[in-house]
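Novice: starting from these lines, generate the structure:
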Amino acid sequence: MKKITAILLAAAMVLSLAACTSNSKSTKKTKKTKKTKRTTVETDETEDPTETPSESETPTETETETEPTTLPNVLTFDESLDYLGLSTPYEDWGFYAVFDENQGETYTYGLITDRLTFPDASYSALQQAVDEDIAARRDAEIEYFYEEGDQFLNDHAAGKTVSTTINKFKTPIFRSDSQIFSFALTDARDLEQGEFLGYNYLSQSGQRLTQDDVILDREGLAQYFSELFSSPDDDEDYSAWVQKEVADILDGKLQFTMSYDAINVIREGYSFDYDYVAYKIPVIGNEQLFNLEYFGSTPNMYSIRSDINDTITWDVDGDGVLDEIVASSVYDDSQGPEEVTLTIRYNNYTFDSNAEGVDIISYGLDELLFMKLDDGNYLYVRMTAPDSFIDTYIFKIEDNKLTYVDMFYDFLRTDGLIDPNCFGVAAFMDTLGSGVFYNEASVVNNNGKPDYLYDYWNSIEDAVTCKKDIKGTVIDMDTLDRLEETTIPAGTCVRAYVYNPMTQSLIVETLTDDLDADQWVELDFKKDEDWNITVDGKNVEDMFYSIMFWG
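Specialist: Next comes the predicted model:
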């Protein structure tokens with residue numbers, strides 16, 4: 001029996017694991033797009049800049065004939081936690097590919113499976129608990145991959161029709177610190193359509209937390225959930241989802257993850273690289289419903305997500321008083337059909353993009369991220385965009401106001417934890433056709449701007465097939481040393497593996513019937529200023545079948 005580790009090269013660690021964890025392409029299944037928030041763009045209303053920010057209030061203590069009234073729970077903010085060193089899951093993968101001569105097409109069968117491995121051996125109890133909870137499911141995915149991969153190859157050899165299929169086992173992380181480790185299982189072969197599982201542990205002991213450990217009042221949370229996520233114009237599917245979650249809360253069966261200021265419930269949806277939406281249920285404002293010992297503490301650098309109303313309530317400046325950040329966007333027909341005015345209220349200060357001369361070309365808000373970094377506090381306003389899907393506008397928070405810093409194009413690889421030191425990003429690149437390539441980035445020590453951690457970006461794209469013999473150099477992916485010259489024979493299936501856009505170094509993986517025999521080969525790849533792409537000095541489309549460029 002082949003082993004999945006034989007197809008996860010140490011190169012993934014050389015290129016993508018040195019600072020935190022690996023990132024590689026997650027090929028999406030087609031799923032019906034679901035509602036993700038109430039509205040992303042307003043048309044005729046803006047936030048009132050004179051509105052007073054909400055703050056937690058402590059009622060006056062009153063005396064009775066028995067005992068004084070108990071004060072409500074209050075969230076305590078501190079930065080006492082450390083990261084576990086696991087911000088995004090490691091990924092193992094494997095691919096088979098075949099070429100159908102009759103149709104002139106390449107078909108791929110593959111698996112992408114997350115692996116949660118803690119680099120700090122002192123968390124062995126946590127490692128054991130996580131392994132015990134998900135190992136059987138993950139092992140079953142791998143076993144299924146080998147069985148169905150063999151069937152895929154045999155069907156093709158027998159002249160039967162095959163198709164491209166990519167299976168996934170995905171575990172996005174929502175907290176990874178010395179107090180709590182929290183993740184969700186969002187994609188696995190044995191999950192029902194729209195089914196998600198939440199896993200929450202005490203990091204020191206590995207004890208798994210139940211709903212009643214975290215939520216003190218089932219009835220109160222059920223009411224809060226319904227009020228937060230229901231509205232009269234909800235469609236039937238969404239209303240059914242709300243009702244199901246409410247029933248699960250009352251039954252003590254809620255599947256949830258945890259963040260520093262909230263719990264999250266997962267619902268099917270679409271956001272580029274992941275097929276789920278994490279709905280945030282804030283603790284602040286409803287502290288009496290939650291066990292507050294699990295919330296409020298953070299590492300010294302961290303991220304807080306906005307809620308469904310594009311609002312963040314948090315002690316942003318560390319003065320012991322809650323701050324409020326609220327954003328909205330409004331179309332301005334006089335500026336063009338896709339240009340919006342972005343309004344952000346930070347307590348009593350209001351930023352207006354039109355008044356400040358900041359052009360926002362967007363379909364509306366996606367989310368807000370507050371990040372506390374080494375050099376200050378930042379707000380990241382992520383906007384859906386016609387050309388790049390997501391544009392992120394950076395603001396620095398200081399002197400009780402917002403100062404615009406810059407904008408960058410990005411796709412985040414998760415709807416969960418964003419560690420400012422290391423988080424997954426993606427970008428479109430053209431190599432053997434158009435594809436999605438992955439890296440990791442940090443916004444630390446860079447004025448809040450992303451700094452990519454690795455020269456090479458990796459990818460898991462579908463395969464193409466060589467039309468001709470192609471020369472290349474065999475690469476040792478442990479060291480990136482060039483070993484020997486080689487020729488990839490015509491008819492061989494290959495896929496883009498890693499790419500350095502600065503040097504245009506493209507390394508492909510050859511795909512054979514024997515996963516252990518696959519090689520990594522650097523091609524003579526070039527792309528000029530006019531976007532002419534060549535391999536061995538010839539047009540890339542003359543060298544491979546199944547090449548496809550987007551746009």
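
Novice: for the helix or strand where residue 243 lies, buried residues please.
Specialist: Residue 243 is located in helix 236-251, with elements delineated by DSSP states H and E. Of all the residues in helix 236-251, those buried under the rule 16 or more other CB atoms under 10 Å are 238, 241, 242, 245, 246, 248, 249. From N, CA and C alone the C-beta is placed, and that goes for glycine too.

Novice: most widely separated two among these?
Specialist: Farthest pair in the buried residues of helix 236-251 (CB to CB) is 238 and 249. Separation: 16.8 Å.

Novice: alpha carbons of stretch 385-396, as PDB, please.
Specialist: Output of stretch 385-396 as PDB, limited to C-alpha atoms (Å, rounded to 0.1, in the frame of the first residue of the first chain):
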ATOM      1  CA  ALA A 385     -14.000  44.000  -6.400                       C
ATOM      2  CA  PRO A 386     -14.900  43.500 -10.100                       C
ATOM      3  CA  ASP A 387     -11.400  42.700 -11.300                       C
ATOM      4  CA  SER A 388      -9.600  41.000  -8.400                       C
ATOM      5  CA  PHE A 389     -12.500  39.600  -6.300                       C
ATOM      6  CA  ILE A 390     -11.100  41.100  -3.000                       C
ATOM      7  CA  ASP A 391      -9.300  44.400  -2.500                       C
ATOM      8  CA  THR A 392      -8.100  45.200   1.000                       C
ATOM      9  CA  TYR A 393      -7.800  48.800   2.200                       C
ATOM     10  CA  ILE A 394      -5.400  49.400   5.100                       C
ATOM     11  CA  PHE A 395      -6.000  52.000   7.800                       C
ATOM     12  CA  LYS A 396      -3.900  52.800  10.800                       C
END
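
Novice: and it, how far out from the chain middle?
Specialist: Chain-centre distance of stretch 385-396: 16 Å, with CA atoms, centre = their mean, to the nearest Å.

Novice: what sits against the nearest residue to residue 176 once chain neighbours are set aside?
Specialist: Nearest residue to residue 176, sequence neighbours excluded (CB to CB, 6 or more residues apart in numbering): residue 84, at 4.7 Å. Listed by CB atoms under 8 Å, 6 or more residues apart in numbering, the contact set of residue 84 reads 118, 120, 123, 126, 176, 177, 178, 181, 203.

Novice: list buried residues within those residues.
Specialist: Among these, those buried by neighbour count (16+ other CB under 10 Å) are 118, 123, 126, 176, 177, 178, 181, 203.

Novice: can you tell me the SS state at the second one?
Specialist: When the structure is reduced to helix, strand and coil (DSSP: H, G, I helix; E, B strand; the rest coil), residue 123 reads as helix.

Novice: so what's it up against?
Specialist: With CB under 8 Å, 6+ apart, residue 123 has these contacts: 84, 203, 204, 206.

Novice: ok, of those residues, which one's closest to residue 371?
Specialist: The closest of the contacts of residue 123, once distances to residue 371 are taken by CB to CB, is residue 84, at 18.6 Å.

Novice: how near is that closest one to residue 278?
Specialist: 20 Å (CB to CB, to the nearest Å).

Novice: I'd like to know how far the residue nearest the centre of the chain sits from residue 167.
Specialist: Centroid check for the chain by CA atoms, centre = their mean gives residue 414 as the closest residue, at 1.1 Å. Relative to residue 167, residue 414 is positioned 20 Å away (CB to CB).

Novice: ranges for the strands of the stretch 301-450 of the chain?
Specialist: 302-305, 311-314, 323-331, 340-346, 349-352, 364-373, 376-385, 389-398, 401-409, 411-412, 423-431, 433-442 (DSSP state E, counting those that start in this stretch).

Novice: how about those strands, which one is nearest residue 218?
Specialist: strand 311-314 (23.6 Å).

Novice: okay, now the unreliable bits of the stretch 101-250 of the chain?
Specialist: By pLDDT under 70, the stretch 101-250 of the chain has no low-scoring segment.

Novice: low pLDDT regions in the chain?
Specialist: Applying pLDDT under 70 to the chain picks out residues 1-73, 271-272, 332-337, 388.

Novice: residues in contact with residue 198?
Specialist: Residues near residue 198 by CB under 8 Å, 6+ apart: 182, 183, 184, 254, 255, 256, 257, 265, 266.

Novice: if we go to 10 Å?
Specialist: 174, 182-186, 209, 211, 254-258, 263-266 (CB atoms under 10 Å, 6 or more residues apart in numbering).

Novice: which residues pair with it across the strands?
Specialist: Beta bridges link residue 198 to residue 184, judged by DSSP bridges.

Novice: quick one: distance of the helix or strand where residue 487 lies to the chain centre.
Specialist: If you go by DSSP H and E, residue 487 is part of strand 481-488. Here strand 481-488 is found 35 Å from its chain centre; the criterion is CA atoms, centre = their mean.

Novice: these two touch, right, residue 234 and residue 226?
Specialist: No. Contact criterion CB atoms under 10 Å: residue 234 and residue 226 do not qualify, at 11.0 Å.

Novice: who touches both of these two?
Specialist: Between them, residue 234 and residue 226 share the contacting residues residue 242, judged by CB under 10 Å, 6+ apart.

Novice: quick check: residue 538 vs residue 532, distance?
Specialist: Using CB to CB, one gets 11 Å for the distance from residue 538 to residue 532.

Novice: higher neighbour count, these two?
Specialist: A count of neighbours by other CB atoms under 10 Å puts residue 538 above the other of residue 538 and residue 532, at 13 against 10.

Novice: which residues touch that one?
Specialist: 467, 468, 470, 524.

Novice: got the residues you listed as CSV, with distance to residue 298, secondary structure and neighbour count columns?
Specialist: CSV is the format used below for these (distance: CB to CB, whole Å; DSSP: H, G, I helix; E, B strand; the rest coil; neighbours: other CB atoms under 10 Å):
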residue, distance to residue 298, secondary structure, neighbour count
467, 54, coil, 16
468, 56, coil, 14
470, 51, strand, 22
524, 49, coil, 14
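
Novice: next, give phi and psi for residue 208.
Specialist: Per-residue torsions, residue 208: phi -90, psi 130 (degrees, to the nearest 10).

Novice: could you check how far it is from residue 214?
Specialist: Note on residue 208: its distance to residue 214, by CB to CB, is 11 Å.

Novice: next: residue 289.
Specialist: Applying CB to CB, the value for residue 289 to residue 214 is 10 Å.

Novice: tell me, what's touching these two both at once?
Specialist: With CB under 10 Å, 6+ apart, residue 289 and residue 214 have common neighbours 221, 263, 283.

Novice: much appreciated, bye for now.
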